[in-house]
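**Student:** pasting the sequence and the predicted model now:
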Protein chains: 2
Amino acid sequence: MHFAVFFFAFALTGTTLALDNGLMRTPPMGWLAWERYRCDIDCENDPKNCISENLFMDMADRLAEDGWKELGYVYVNIDDCWSSKQRDDQGRLQPDPKRFPGGIQKLARYLHDRGLKLGIYGDMGKLTCGGYPGTPLDKIELDAQTFADWEVDMFKYDGCYSNATEQEQGYPLMSKALNATGRPIGYSCSWPAYQGGLPPKVNYTQLGEICNLWRNYGDIQDSWDSVLNIVDWFFENQDVLTPAAGPGRWNDPDMLIIGDFGLSMEQSRSQMALWAIMAAPLFMSNDLRTISSGAQSILRNKMAISINQDALGIQGRRIVKEKSGIEVFWRPLSKNASALLFFSRRTDMPYRYTTSLSKLNYTTGSYKVFNVFTDEAASLKDSTEFVVSVNPTGVVMWYVSAPAKFNLRHGKKFQKKLINDLYVFM
Amino acid sequence: MHFAVFFFAFALTGTTLALDNGLMRTPPMGWLAWERYRCDIDCENDPKNCISENLFMDMADRLAEDGWKELGYVYVNIDDCWSSKQRDDQGRLQPDPKRFPGGIQKLARYLHDRGLKLGIYGDMGKLTCGGYPGTPLDKIELDAQTFADWEVDMFKYDGCYSNATEQEQGYPLMSKALNATGRPIGYSCSWPAYQGGLPPKVNYTQLGEICNLWRNYGDIQDSWDSVLNIVDWFFENQDVLTPAAGPGRWNDPDMLIIGDFGLSMEQSRSQMALWAIMAAPLFMSNDLRTISSGAQSILRNKMAISINQDALGIQGRRIVKEKSGIEVFWRPLSKNASALLFFSRRTDMPYRYTTSLSKLNYTTGSYKVFNVFTDEAASLKDSTEFVVSVNPTGVVMWYVSAPAKFNLRHGKKFQKKLINDLYVFM
């Protein structure tokens, strides 16, 4: 298959089907409370970690002051367990008064003053997953307006305690209701995750028209097994999922757990790289107040972020699955470039994988290759055999620039440099 | 059950059944090639990592020069794939001449000159697991003498390609043959791992009489799943396994994979702590030339090492298994002290576990408690309820000193200090 054709087809679909609110032309980035903080409402015994305005203001401070914002991490998203157990006397949702004494609007302004955006959470059922008041069909317009009044910038609509019929009505209705407020509010739909994530139960064309992103699959947990389980599902179903993604409409494999407790450094790089290949929303769920420098350097990797945020918005694919446990992923990028990812599922030792760009379907030419996690570079002819050494549960990720057709002499010079992870056999 | 009784019974058995070579009165510590380097014999393309004398000399240099030796890590152990595919013209094993041009004896002297010890590997079958010449019954005396001639200090006898009858003859025969050389050679038997690790197929009384340590279960891999799988098996079978261990005779749950690719920092602390509770041999299998400072600080933790190396040599037990995923382990130590380990199998967020020393079967009194991984201390009455916050896949490990029966006033003063991971409810 020729890349150019592939490209063009996706680029076209990418511009036609997205929710017409103009938002999230690249995958949204920011921070989301759920995986790390769950429904911790015990502010008495756990004041630094409970779901409260202090937690979100703390994270906002870190995003704004520690340079995360400049990298694109701008959303600060509340998840479940933020509200009072009762609606107010006008029937509106209201935050828990002890944990959010300043109210949501004040919190939104705190974020906006720092160049950040606020996300909030609701659920289609009578109750949220955590047992707080839901937003069933008859409350959709009211709650959408409440969120707009509070100057919220994003809304995640979960699906606990709702059935397929209600979802079929409710998810499109919320989309309309949010748009009708006149405030641009990014819209995250959990709908497909509640319907198995696959056609015919899930209609990805429709999702692209009503939602900016959607959770296709189960919640991530703080473990490598969970990351692998998600990766397996997304790439086993890539033929269904990749056409659904594009600017303004994204598959969401769930939060980044980098900086938490369950991933090694190798596995953290793997999650970052695989999420970049998938054009996935990058919502960290971690403690930005105490995160290690190692985890930070992965989350702040500019080349990984720029691959994730590529303007074409084409979701990448797995193109090789070897018996050795090595897999190769590929994502086409703008400027005729691409990302290549070598991933090892092995649990023994670094594996030396031999291949060539032509074996990976690259057309004839000389390519410039940048190693995303080591910053090294080399030139590589399509026909040149090379070896990448991939660590157990780790990745080697390359940004591959467009083929330069007439620079063979230049290319040869570059090929003489041996770079880490890339031993070019001359 | 009263601790004192427990203690005494174990201490007695500990001094009677061990292999009578006087070695390994505490669990052996050092470095073993297998998990990290496997059967990598490709010295042409992977010269730094292939099984060769250079690898073992590199690791010896690190152990001797970087302070590992002083902590107790003194063995440098060769595993499979070291030998030539043919025995020499006198029928003796010989090392691969390209990869070990200096020979094993020279390597042993290189280690001895640095205060280190050399371990080597053989197999009861016609071939080793990796396909190199084995040490079947008729070669046992010859090979034992060869190892002694080479001034080897430890021998691991694997069991690939051998059957139960051969093992029943061979493992005791090798024990005698090693002793007959007159050289003290620590003896590691893989026998029980090949017979399911449990009675009646495995006779732990006999093992204690002929081996210094034995592999009870399958090989560790570089993953948290593998560590959990091993931990599950060892503690599910603790009633069989703990009586088998004592000075000179140790259950071996296999190598430490801390510093490799698959474990997070939390999980690395957990492996170190659980291996200390188990009185397990501490053989690192990692790259000491490039190991991170984080992994080093765990492997170099003096309190964890001293718990592992406690002179009584009593293997610890799991004493609590909560539905919440919290487990508590306990190991009695000399000077009437003990180690307590709180472990979380959760994959969500830190869990606040409430208990008291009396609930954990401690007798009345005031105890001094040291947090192994934070160096903090506090005093605690047996009846005082406390909360430990245990991270997902992580541990909180305490050294608990003997109860001081008459220092209640002193104890109260200490109790007023809040320490990290230990919030004492007064």
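**Tutor:** Perfect, I can see it now. Numbering: from 1, shown residues only, chains lettered A, B, ... in the order given.
**Student:** what is whichever helix in chain A runs longest packed up against?
**Tutor:** Secondary structure assigned by DSSP state H gives helix A:164-180 as the longest helix of chain A. With contacts defined as 3 or more CB pairs under 8 Å, 6 or more residues apart in numbering or on different chains; DSSP states H and E, helix A:164-180 has these neighbours: helix A:140-149, strand A:154-158, strand A:186-189, helix A:191-194, helix A:204-210. (Glycine included, C-beta is placed from N, CA and C.)
**Student:** roughly how far does A:Gly159 sit from chain B?
**Tutor:** Distance from A:Gly159 to chain B, counting by CB to the nearest CB, to the nearest Å: 20 Å.
**Student:** how about A:Gly125?
**Tutor:** 22 Å.
**Student:** which pLDDT does the model give the closest residue to A:Asn212 other than its chain neighbours?
**Tutor:** Leaving out its chain neighbours, the residue that sits closest to A:Asn212 by CB to CB, 6 or more residues apart in numbering or on different chains is A:Met24, at 4.4 Å. According to the prediction, A:Met24 has pLDDT 98.
**Student:** need the residues of the stretch 101-250 of chain A near chain B, please.
**Tutor:** Applying CB under 8 Å from any CB of the partner chain, we find that the stretch 101-250 of chain A lies next to chain B at A:Gln221, A:Asp222, A:Ser223, A:Trp224, A:Asp225, A:Ser226.
**Student:** rewinding a little: which SS state does the residue nearest to A:Asn212 fall under?
**Tutor:** coil (DSSP: H, G, I helix; E, B strand; the rest coil).
**Student:** residues contacting it?
**Tutor:** Shown in contact with A:Met24 (CB atoms under 8 Å, 6 or more residues apart in numbering or on different chains): A:Gly186, A:Asn212, A:Leu213, A:Pro247, A:Gly248, A:Trp250.
**Student:** farthest pair within these?
**Tutor:** A:Gly186 and A:Pro247 (12.9 Å; CB to CB).
**Student:** give the contact list for A:Asn179.
**Tutor:** Counting by CB under 8 Å, 6+ apart, A:Asn179 makes contact with A:Asp20, A:Asn21.
**Student:** among the helices and strands packed on helix A:164-180, which comes closest to A:Cys81?
**Tutor:** strand A:154-158 (11.6 Å).
**Student:** contact partners of the closest one?
**Tutor:** With contact meaning CB under 8 Å, 6+ apart, strand A:154-158 is reached by A:28, A:75, A:77, A:79-80, A:117-124, A:128-129, A:135, A:144, A:147, A:170-171, A:174, A:178, A:185-191.
**Student:** adjacent strands (with direction) for that strand?
**Tutor:** strand A:117-123 (parallel), strand A:186-189 (parallel) (DSSP bridges).
**Student:** closest to B:Glu266 out of those strands?
**Tutor:** strand A:117-123 (27.8 Å).
**Student:** what's the spacing between the closest one and its chain's center?
**Tutor:** 16 Å (CA atoms, centre = their mean, to the nearest Å).
**Student:** swap in stretch A:79-87?
**Tutor:** For stretch A:79-87, the distance to the chain centre is 25 Å (CA atoms, centre = their mean).
**Student:** now that stretch: buried residues?
**Tutor:** Of the residues in stretch A:79-87, A:Asp79, A:Asp80, A:Cys81, A:Trp82, A:Ser83, A:Ser84, A:Arg87 count as buried by neighbour count, 16 or more other CB atoms under 10 Å in any protein chain shown.
**Student:** pLDDT, secondary structure and distance to chain B for these - can I get that in TSV?
**Tutor:** Conversion of the buried residues of stretch A:79-87 to TSV gives the following (pLDDT from 0 to 100; DSSP: H, G, I helix; E, B strand; the rest coil; distance: CB to the nearest CB, whole Å):
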residue	pLDDT	secondary structure	distance to chain B
A:Asp79	98	coil	13
A:Asp80	98	coil	13
A:Cys81	98	coil	13
A:Trp82	98	coil	17
A:Ser83	98	strand	20
A:Ser84	98	coil	23
A:Arg87	98	coil	28
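**Student:** which of those residues sits closest to A:Ile41?
**Tutor:** For those, the minimum distance to A:Ile41 (CB to CB) is 5.7 Å, reached by A:Cys81.
**Student:** phi and psi next, for the closest one.
**Tutor:** In terms of degrees, to the nearest 10, the main-chain angles of A:Cys81 are phi 80, psi 20.
**Student:** chain neighbours aside, what residue packs nearest to A:Lys106?
**Tutor:** According to CB to CB, 6+ apart, the nearest residue to A:Lys106 is A:Glu53 (7.9 Å).
**Student:** ok, A:Asp80 - contacts?
**Tutor:** A:Asp80 makes contacts with A:Trp34, A:Cys39, A:Tyr121, A:Asp123, A:Thr128, A:Cys129, A:Gly130, A:Tyr132, A:Asp158, as judged by CB under 8 Å, 6+ apart.
**Student:** same check, this time on A:Pro136
**Tutor:** Going by CB under 8 Å, 6+ apart, A:Pro136 touches A:Met124, A:Gly125, A:Lys126, A:Ser162, A:Glu166, A:Gly170.
**Student:** low-confidence stretches in chain A?
**Tutor:** Within chain A, the ranges that satisfy pLDDT under 70 run A:1-18, A:404-426.
**Student:** what about the strands in the stretch 1-150 of chain A?
**Tutor:** Taking DSSP state E, counting those that start in this stretch to define them, one finds strands in the stretch 1-150 of chain A at A:29-32, A:75-77, A:117-123.
**Student:** go through those strands and name the closest to A:Lys321.
**Tutor:** Closest to A:Lys321 of the strands of the stretch 1-150 of chain A, according to CB to CB: strand A:29-32, at 29.1 Å.
**Student:** which outside residues touch that closest one?
**Tutor:** Applying CB under 8 Å, 6+ apart, the contact partners of strand A:29-32 are A:59, A:63, A:71-77, A:79, A:116-117, A:119, A:255, A:281-286, A:288, A:305, A:308-309.
**Student:** apply 10 Å and report the result again.
**Tutor:** A:56, A:59-60, A:62-63, A:68-69, A:71-79, A:116-119, A:121, A:153-154, A:156, A:188, A:254-256, A:281-286, A:288, A:299, A:305, A:308-309 (CB atoms under 10 Å, 6 or more residues apart in numbering or on different chains).
**Student:** off-centre distance for that strand?
**Tutor:** 9 Å.
**Student:** just to revisit the earlier point, most neighbours, which of the contacts of A:Met24?
**Tutor:** A:Asn212 (29 neighbours; other CB atoms under 10 Å in any protein chain shown).
**Student:** next up, the contacts around that residue.
**Tutor:** Applying CB under 10 Å, 6+ apart to A:Asn212 gives the contacts A:18-19, A:21-25, A:27-28, A:154-155, A:175, A:185-189, A:247-250, A:252, A:281.
**Student:** quick check, the residue in the stretch 1-150 of chain A closest to chain B?
**Tutor:** In the stretch 1-150 of chain A, the residue that lies nearest chain B is A:Arg38 (5.6 Å; CB to the nearest CB).
**Student:** that residue contacts A:Leu55, doesn't it?
**Tutor:** No: under the criterion of CB atoms under 10 Å, A:Arg38 makes no contact with A:Leu55, lying 11.8 Å away.
**Student:** how about the residue lying closest to A:Ser401 once chain neighbours are set aside, secondary structure?
**Tutor:** In space, and not counting its chain neighbours, A:Ser401 is closest to A:Lys368: 4.3 Å by CB to CB, 6+ apart. Secondary structure, three-state DSSP: A:Lys368 is strand.
**Student:** would you mind measuring from A:Lys368 to A:Val400?
**Tutor:** Applying CB to CB, to the nearest Å, the value for A:Lys368 to A:Val400 is 7 Å.
**Student:** quick check: neighbours shared by these two?
**Tutor:** Common contact partners of A:Lys368 and A:Val400 (CB under 10 Å, 6+ apart): A:Ala337, A:Leu380.
**Student:** next, the contact list for the residue minimising distance to the centre of chain A, please.
**Tutor:** Closest residue to the average C-alpha location of chain A: A:Pro281 at 2.2 Å, with CA atoms, centre = their mean. The neighbourhood of A:Pro281, defined by CB under 10 Å, 6+ apart, consists of A:24, A:26-30, A:32, A:75, A:186, A:188, A:212-215, A:250-256, A:275, A:308.
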